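Colleague: No letters, just coordinates:
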């Protein structure tokens, strides 16, 4: 949630009168909050695995459903990332391809059908 919009501090973009009469296309990308999970670091210390996710949905009806299902998607992603982080050996890098496949399967399960494409920003273990 954008706190500036909530407080009324966010300014509206200026609309210029130049150019054709075509309307700007609605963005098909929805960024979700960063998902975190605990991992074991070398030497027995605890660490954090962070995964930045977003969803690209060209279909307008499915895009609305994705926006409404954002809490369920975040919960499903958190479960997948925690499972992946708990299976991660100390000092080894995460298997990003497997993580993406599992997150895409979770997306399809929550949405009930294919069409919403998962996009990964950064996968980091600190």
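Modeller: Everything's here; your move. Nothing here was measured: the structure is a model prediction, and the numbers come from that model. Numbering: from 1, shown residues only.

Colleague: what's the average pLDDT for stretch 109-121?
Modeller: Here the mean pLDDT over stretch 109-121 is 95, rounded to a whole number.

Colleague: For it, which residues meet the burial criterion?
Modeller: For stretch 109-121, the neighbour count (16 or more other C-beta atoms under 10 Å) marks 110, 111, 115, 116, 118, 119 as buried. Quick note: C-beta positions are derived from backbone N, CA and C, even for glycine.

Colleague: how far is it from where the chain is centred?
Modeller: Here the centre of mass of C-alpha atoms in stretch 109-121, compared against the chain's by C-alpha atoms, centre = their mean, to the nearest Å, lies 10 Å away.

Colleague: what's the answer for stretch 49-58, then?
Modeller: Put simply, stretch 49-58 sits 3 Å off its chain's centre (C-alpha atoms, centre = their mean).

Colleague: Also stretch 34-54?
Modeller: In terms of C-alpha atoms, centre = their mean, the centre of stretch 34-54 is set 16 Å apart from its chain centre.

Colleague: Span of it from start to end?
Modeller: Distances were taken as C-alpha to C-alpha, to the nearest Å; on that basis the terminal residues of stretch 34-54 are 9 Å apart.

Colleague: pLDDT (mean, whole number) over that stretch?
Modeller: Predicted confidence along stretch 34-54 averages 94 (mean pLDDT).

Colleague: now swap in stretch 85-97 and tell me
Modeller: When the per-residue pLDDT values of stretch 85-97 are averaged, the result is 93.

Colleague: what comes up buried for it?
Modeller: Of the residues in stretch 85-97, those with enough neighbours to count as buried (16+ other C-beta under 10 Å) are 85, 88, 94.

Colleague: Among the buried residues of stretch 109-121, which lie within strands?
Modeller: Using DSSP state E, the members of the buried residues of stretch 109-121 that fall within strands are 118, 119.

Colleague: can the buried residues of stretch 109-121 go into TSV with extra columns for distance to residue 62?
Modeller: TSV is the format used below for these (distance: C-beta to C-beta, whole Å):
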residue	distance to residue 62
110	12
111	7
115	5
116	6
118	13
119	15
